[in-house]
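>>> With the input below, show me the fold.
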Amino acid sequence: MITYSLQADIEEGKYLLLNNGNTYSISDVLYEILHNYKNSETLEDISARLISKYNELAYTTEFVRNALIIVFEQLRKNKAESNLEDFLHAKIVLIKEDALSTFYRRISVLFLPYFYYTFILLSVGLTFYFFINNDLVSFESIDKAFLAYLDVRDLILSYIIFTGIIFIHELGHAASTTYFGLKPREIGFGLYFIFPVFYTNVSAIWQLKTSQRNVVNLGGIYFQLLINSILILLFIRSNTAGLLFNLILANSISMMFSLIPFFRYDGYWILSDSLGITNLTFKARDMAFRFFKKPSSIFSIRSSKDTYITLYWLGSILFWVYIYYSVIRYIVFTSRIIYNNFHSKFWLLDSKDLLEFLVKTLSLFVASFFLARHGINVIKYIKSICKSNHQ
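Modelled structure (predicted):
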């Protein structure tokens, strides 16, 4: 049962929906629908009331029914996602709602269609040019190039500047939300799984069309692409490696990971909104759960949405198998290097080799912790399936 409350400030023209500790801005029409539905009016009566009040024949019973379905599906989604063990937690608000509203409005002009599509095409083209021109066509070549230009000063500066770039990514989400006439809520900091991340609360965008929601979903990557273009042009002009080179690498890899739909980053929301499937992760888990209980259930798929969900969880399994394989391979390979350096008295290495040793040691720790933490979640999930099968 979905419970909610409503608040209205008619003079200010503000209508709010409150549910499970979350607050959502809604339109006056949706407020009317939810208010009357909460008072146990029939869909037909609500429709008649809307048509009479707004003199709009489009507010049919079907319109009211669809509006309620969308709202309650979104609230169920938010409730489920708030319980995810591996989702965002330990959140800290950095910028409160309305604190940068004027700034958001000013930079939202970048989302005008002729700016948006032109800049995306140019930025993607420049990024491909950078990687191809510098022979960065494999993970091995990227890793080798990064280590070749590793320097303590550049490493520290890269980390600080890249943190700023990721924050600008969030400004992209906020500005795109503003462009469509909605208010972004807070920008904050939290932990996604074991990794520190920034986030922007753009829960209001569920009111938008799919194409508009995807512009918001891509807003952060769009801003990162613009930054990449500036960095690449500076790199070409200076024709030097080091700081700029590693910033471009880090920014590009960050965008690539953001687009992977099996992490709950931008790519996930793009896929979820494009398919029109809210709560995609949980629905995929439920379908996988049913399959493991009864493998023949995969042949009973009828709707296109069930097909997409099945393909998603199958793709998710293949993806995580590949991730496990890659991480284990990396841990073994890196452990050998660290072991050899340790026995070669790493403290006698020159500064560059010592820095590489320290970076590899830190990355080995992060990879090992990631594998262990994710492995625990997988074991819990398998146990829940086995427990259900015995019931």
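>>> quick one, what contacts the residue most central in space within the chain?
With distances taken as Cα atoms, centre = their mean, Tyr265 lies nearest the centre of the chain, 1.8 Å away. Contact analysis of Tyr265 by Cβ atoms under 8 Å, 6 or more residues apart in numbering lists 257-259. For every residue, glycine as well, the C-beta is placed using N, CA and C.
>>> Was I right to think Gln74 contacts Thr278?
Yes. The pair Gln74 / Thr278 is scored as a contact, 6.4 Å apart, by Cβ atoms under 8 Å.
>>> Summarise which helices and strands the top strand by length along the chain is packed against.
When the chain is parsed with DSSP state E, its longest strand is strand 88-95. With contacts defined as 3 or more Cβ pairs under 8 Å, 6 or more residues apart in numbering; DSSP states H and E, strand 88-95 has these neighbours: strand 187-192, strand 195-200.
>>> If we use 10 Å, what do you get?
helix 61-82, helix 152-179, strand 187-192, strand 195-200 (3 or more Cβ pairs under 10 Å, 6 or more residues apart in numbering; DSSP states H and E).
>>> sorry, back to before: got TSV for the contacts of Tyr265, with neighbour count and secondary structure too?
Below are those laid out as TSV (neighbours: other Cβ atoms under 10 Å; DSSP: H, G, I helix; E, B strand; the rest coil):
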residue	neighbour count	secondary structure
Phe257	12	helix
Ser258	20	helix
Leu259	15	coil
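>>> closest to Ser335 among those residues?
Proximity of those to Ser335 (Cβ to Cβ) peaks at Phe257, which lies at 23.9 Å.
>>> And the pLDDT for the closest one?
Here the pLDDT value assigned to Phe257 is 90.
>>> Next secondary structure element downstream of the helix or strand of the chain with the lowest mean pLDDT?
Ranked by mean pLDDT, DSSP states H and E, the weakest helix or strand in the chain is strand 22-25, scoring a mean of 70. Downstream of strand 22-25, the next assigned helix or strand under DSSP states H and E is helix 28-38.
>>> Tell me which stretches of the stretch 251-391 of the chain form helices.
Applying DSSP state H, counting those that start in this stretch to the stretch 251-391 of the chain gives helices spanning 266-275, 280-293, 304-343, 351-389.
>>> quick one: average pLDDT of the last one?
The average of the pLDDT scores along helix 351-389 is 72.
>>> The shortest one now?
Rounded to a whole number, the mean pLDDT of helix 266-275 is 90.
>>> so which of the contacts of Tyr265 would you say is closest to Ser326?
Phe257 (13.1 Å).
>>> Point out where the stretch 151-300 of the chain drops to low pLDDT.
193-195, 239-241, 297, 299 (pLDDT under 70).
>>> switch the cut-off to 90
For the stretch 151-300 of the chain, the stretches with pLDDT under 90 are 151-160, 181-186, 188-210, 235-246, 250, 262-265, 272-300.
>>> The closest residue to Lys91 other than its chain neighbours and Tyr116, how far apart?
Distance criterion Cβ to Cβ, 6 or more residues apart in numbering; nearest residue to Lys91, sequence neighbours excluded, is Gly190 at 4.0 Å. From Gly190 over to Tyr116 the distance is 28 Å, taken as Cβ to Cβ, to the nearest Å.
>>> Tell me who's in contact with Leu233.
Contacts for Leu233 (Cβ atoms under 10 Å, 6 or more residues apart in numbering) come out as 126, 130, 244.
>>> So which residues make contact with the longest strand of the chain?
By Cβ under 10 Å, 6+ apart, strand 88-95 touches 81-82, 99, 103, 167, 170-171, 174, 184-193, 196-201, 264.
>>> Distance from the chain centre to it, please.
Between the centre of strand 88-95 and the centre of its chain there are 15 Å (Cα atoms, centre = their mean, to the nearest Å).
>>> Bridged to Gly190, which residues?
The partner list for Gly190 in beta bridges (DSSP bridges) reads Val197.
>>> what about it, how many neighbours?
Gly190 has 16 neighbours, counted by other Cβ atoms under 10 Å.
>>> now swap in Ile51 and tell me
Ile51 has 15 neighbours, counted by other Cβ under 10 Å.
>>> what does the one 5 residues further on give?
Neighbourhood size, Glu56 [other Cβ under 10 Å]: 12.
>>> Likewise for Lys14?
For Lys14, the count of nearby residues is 14 (other Cβ under 10 Å).
>>> Look up the pLDDT of it for me, please.
Model confidence at Lys14, given as pLDDT, is 75.
>>> So what pairs up with it in the strands?
With DSSP bridges as the rule, Lys14 is bridged to Asp9.
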